[in-house]
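Enquirer: I would like the atomic coordinates for the input below:
(one chain, ligands or ions: 1)
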Amino acid sequence: MPAEQFRKLGHEMVDRIASYLDTVESRPVRSGAEPGETLAKLPTTAPEHPEAWPDILADIDRVVMPGLTHWQHPGFFGFFPANSSGPAILGDLLCAGLGVQGMLWATSPACTELETRVCDWLAEMLGLPETFLSTGPGGSGGGGGGGGVIQGTASEATLVAMVAARHRAVGRARNASESRSVSPAAGPHLTVYASTQAHSSVVKAAMIAGLASGPDDRAHLRLIGTRDDYAMDPALLSRAMDDDAAAGRTPCLVIATVGTTSSTAIDPLEAIGEIVRSHGAWLHVDAAYSGAACICPEFRAAHLGAGGAALADSFAVNPHKWLLTNFDCNVTWTADRAAWTGALSVTPEYLRNAESASGRVIDYRDWQVPLGRRFRALKLWFVIRHYGAEGLRAYIRGHIQLAEYFESLVRSDGRFEVASPRTSGLVCFRLGALEGERPAATDARNRGLLERVNATGEVYLTHTVLPEIPSCPVPRLVLRMALGAPGVERRHLDRLWALLSAD
Ligand SMILES: *Cc1c(COP(=O)(O)O)cnc(C)c1O
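Expert: Next up, the predicted model:
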């Protein structure tokens, strides 16, 4: 494509995106496409001859748009948001335009060093401990200091934390057996812990890392029960780790969740951190959605506890959920860079270079699963500079106020109940049980309500099932109102509530 044509078509594409975002509210939130509908509109073979650009664009409207659910729609309240913004989109465009592959420092020094600095910025903006900074004092685990890395997703962060924790635990076990001059046995039986409310990526990571043969294999993975607020019960964690240690197993990793996917429950980091430390294990904090709330000092203590995340070995947050940076953008910090990279570093001859050998540079290929990497730091850098920390705090505060407002609407109607404590931008709620109604019937009424409001096309909510807890012996189907689409205002919540409370 000649430069002049690219310039013209590029301007048109930016116009198209701007108009889309400006008018997204007029579209039905959720795609009504049936399975196979999009496929049926596509030729089964690739074009042999070049096609005209207008024909390609026409298919955006004909083929693609009807099959889209509009995540940037202010009526999108499903799952967790995947929000975006002008500066982020432009950063991603520039990333594609520069076409840099940043696997090594040497393959584009700015790609690495900008990422290092932006991760440090964000750590300080979230009030995370100094041990996570690239310039920090070094962490719990044997030197090398800390630092942050941008990966695609929180799932990758969990997987890397798992292999880093394993690397450290196996290394320690080997050292211990060498110092007792016993021949190293088959290796320790490692155990990993998370709450029953942890994200499915924990189980998936265990499957990938070979610590679980399938989703129900619990030989190495222990799922710990929760308290009434759906947060991990530290007493149950302590007992499980003690039992494993007493049986000769090696507790190696605990994954605490700050903002569970079902209900944004917050596992108590301080109590968990003390237990993890007493076993010499690794504490990874998965704060994929709720971590963004820590950008406001007033929400930090509720999310991280009084000690902050000081006892954590790694901490992950997704700016692509709730910090105006389009998918994909996960930032993970580790306080133990040596273990993190030790678990992943393999150096074939063709990647050797003088700077890497000097030890003076970061090679982010050693911090992630793939080799190659995009210049994702650009979009986060643009977002932070365009809005400033102040603008991002105002964004989060605005959403949390809206969530409070929605919660007050739910509480004002006796037919409804708030089903779990609201900790930030998510409200879990449901129609309460009628006199003498069986739990399955209450669930069915809630499912019916969800289907009715989603069928209007004006809003989109999703559901979850909250498990039994000490004070409620049956699992309950609940509706989730998850805030975070850019552009959501009070009027959108008023409309949502009008639809929910109509009959
Ligand atoms: C969304 C979510 C994840 C998964 O996020 P990806 O970035 O899509 O992998 C993990 N953990 C929690 C708590 C989440 O809410």
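Enquirer: can you pull the contacts of the residue nearest to residue 403 when sequence neighbours are not counted?
Expert: Nearest residue to residue 403, sequence neighbours excluded (C-beta to C-beta, 6 or more residues apart in numbering): residue 425, at 4.7 Å. No exception for glycine: its C-beta is placed from N, CA and C like everyone else's. Neighbouring residues of residue 425 by C-beta atoms under 8 Å, 6 or more residues apart in numbering: 264, 289, 293, 322, 396, 399, 400, 402, 403, 482, 483, 484.
Enquirer: any buried residues in the helix or strand that contains residue 242, and which?
Expert: Using DSSP states H and E, the secondary-structure element containing residue 242 is helix 234-246. Residues 234, 236, 237, 238, 240, 241, 244, 245 are the ones in helix 234-246 that count as buried (16 or more other C-beta atoms under 10 Å).
Enquirer: which elements pack onto it?
Expert: strand 190-195, strand 221-224, strand 250-257, helix 269-278 (3 or more C-beta pairs under 8 Å, 6 or more residues apart in numbering; DSSP states H and E).
Enquirer: ok, back up a step: pLDDT and distance to residue 353 added to the buried residues of helix 234-246, as CSV?
Expert: Listed next are the buried residues of helix 234-246 as CSV, based on pLDDT from 0 to 100; distance: C-beta to C-beta, whole Å:
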residue, pLDDT, distance to residue 353
234, 98, 46
236, 98, 49
237, 98, 44
238, 98, 47
240, 98, 46
241, 98, 43
244, 98, 43
245, 97, 44
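Enquirer: for the helix or strand residue 114 falls within, packing partners?
Expert: Element membership for residue 114, per DSSP H and E: helix 109-125. Under the contact definition 3+ C-beta pairs under 8 Å, 6+ apart, helix 109-125 sits against strand 147-151, strand 330-334, helix 377-411.
Enquirer: any idea which residue of the stretch 301-450 of the chain lies closest to the ligand?
Expert: residue 318 (5.0 Å; C-beta to the nearest ligand atom).
Enquirer: quick one on the thing from earlier: the inter-axis angle of the helix holding residue 242 versus strand 190-195?
Expert: 170 degrees (axes from the mean of the first three to the mean of the last three C-alpha atoms, to 10 degrees).
Enquirer: which residues are contacting helix 234-246?
Expert: In contact with helix 234-246 (C-beta under 8 Å, 6+ apart) are residues 191, 193, 222, 224-225, 250-251, 254, 268, 271-272, 275, 279, 281.
Enquirer: what does the stretch 1-150 of the chain have sitting close to the ligand?
Expert: residue 80 (C-beta under 6 Å from any ligand atom).
Enquirer: quick one on the thing from earlier: pull the residues that contact the helix holding residue 114.
Expert: 100, 102, 104-105, 132-135, 147-150, 295, 317, 319, 331, 333, 361-364, 373, 375-378, 380-381, 384, 389, 392.
Enquirer: now stretch 349-362
Expert: So stretch 349-362 is contacted by 103, 104, 105, 106, 109, 112, 116, 134, 147, 347, 363, 365 (C-beta under 8 Å, 6+ apart).
Enquirer: what's the mean pLDDT across that stretch?
Expert: Summarised as a single mean, pLDDT over stretch 349-362 is 90.
Enquirer: show me which positions of it end up buried.
Expert: Those would be 356, 361, 362, for stretch 349-362 by 16+ other C-beta under 10 Å.
Enquirer: from the residues you listed, which land in helices?
Expert: Using DSSP state H, the subset of the buried residues of stretch 349-362 located in helices is residue 356.
Enquirer: circling back: most neighbours per residue, which of the helices and strands packed on helix 234-246?
Expert: Mean neighbour count (mean count of other C-beta atoms under 10 Å) peaks for strand 250-257 among those, with a mean of 28.
Enquirer: what angle sits between it and strand 190-195?
Expert: 20 degrees.
Enquirer: and strand 250-257, what does it pack onto?
Expert: Using 3+ C-beta pairs under 8 Å, 6+ apart: strand 250-257 touches helix 154-179, strand 190-195, helix 234-246, helix 269-278, strand 282-286.
Enquirer: near the ligand at all, the next helix or strand after the last one?
Expert: The reference is to strand 282-286. Beyond strand 282-286 on the C-terminal side, the first helix or strand identified by DSSP H and E is helix 297-304. No. Figure legend: helix 297-304 not in contact with the ligand (C-beta under 6 Å from any ligand atom); closest approach 12.4 Å.
Enquirer: run me through the strand neighbours of the next helix or strand after helix 297-304, direction for each.
Expert: Remark: after helix 297-304, the chain's next helix or strand is strand 314-317, criterion DSSP H and E. Within its sheet, strand 314-317 is paired with strand 282-286 (parallel), strand 330-334 (antiparallel), according to DSSP bridges.
Enquirer: format these as JSON lines; extra columns: mean pLDDT, distance to the ligand and mean neighbour count.
Expert: Below are those laid out as JSON lines (pLDDT from 0 to 100; distance: least, C-beta to the nearest ligand atom, whole Å; neighbours: other C-beta atoms under 10 Å):
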{"stretch": "strand 282-286", "mean pLDDT": "98", "distance to the ligand": "5", "mean neighbour count": "29"}
{"stretch": "strand 330-334", "mean pLDDT": "98", "distance to the ligand": "5", "mean neighbour count": "29"}
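Enquirer: want to try CSV for those, with distance to residue 177 as columns?
Expert: Converted to CSV, these look like this (distance: least, C-beta to C-beta, whole Å):
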stretch, distance to residue 177
strand 282-286, 20
strand 330-334, 26
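Enquirer: closest one to residue 56 among the ones you listed?
Expert: Of all the strands paired with strand 314-317, strand 330-334 sits nearest to residue 56, with 31.7 Å by C-beta to C-beta.
Enquirer: between helix 154-179 and that closest one, find me the angle.
Expert: 20 degrees.
Enquirer: against which helices or strands is the helix or strand just after strand 330-334 packed?
Expert: Downstream of strand 330-334, the first helix or strand assigned by DSSP H and E is helix 337-342. Contacts defined by 3+ C-beta pairs under 8 Å, 6+ apart place helix 337-342 against helix 154-179.
Enquirer: same for the helix it packs on, what does it pack against?
Expert: strand 190-195, helix 200-208, strand 250-257, strand 282-286, strand 314-317, strand 330-334, helix 337-342.
Enquirer: for those, could you give me JSON lines that also reports distance to residue 155?
Expert: Shown next, in JSON lines, are the helices and strands packed on helix 154-179 (distance: least, C-beta to C-beta, whole Å):
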{"stretch": "strand 190-195", "distance to residue 155": "13"}
{"stretch": "helix 200-208", "distance to residue 155": "4"}
{"stretch": "strand 250-257", "distance to residue 155": "12"}
{"stretch": "strand 282-286", "distance to residue 155": "10"}
{"stretch": "strand 314-317", "distance to residue 155": "10"}
{"stretch": "strand 330-334", "distance to residue 155": "8"}
{"stretch": "helix 337-342", "distance to residue 155": "16"}
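Enquirer: who in the stretch 201-350 of the chain is up against the ligand?
Expert: So the stretch 201-350 of the chain meets the ligand at 201, 257, 259, 260, 261, 286, 288, 289, 318, 330 (C-beta under 6 Å from any ligand atom).
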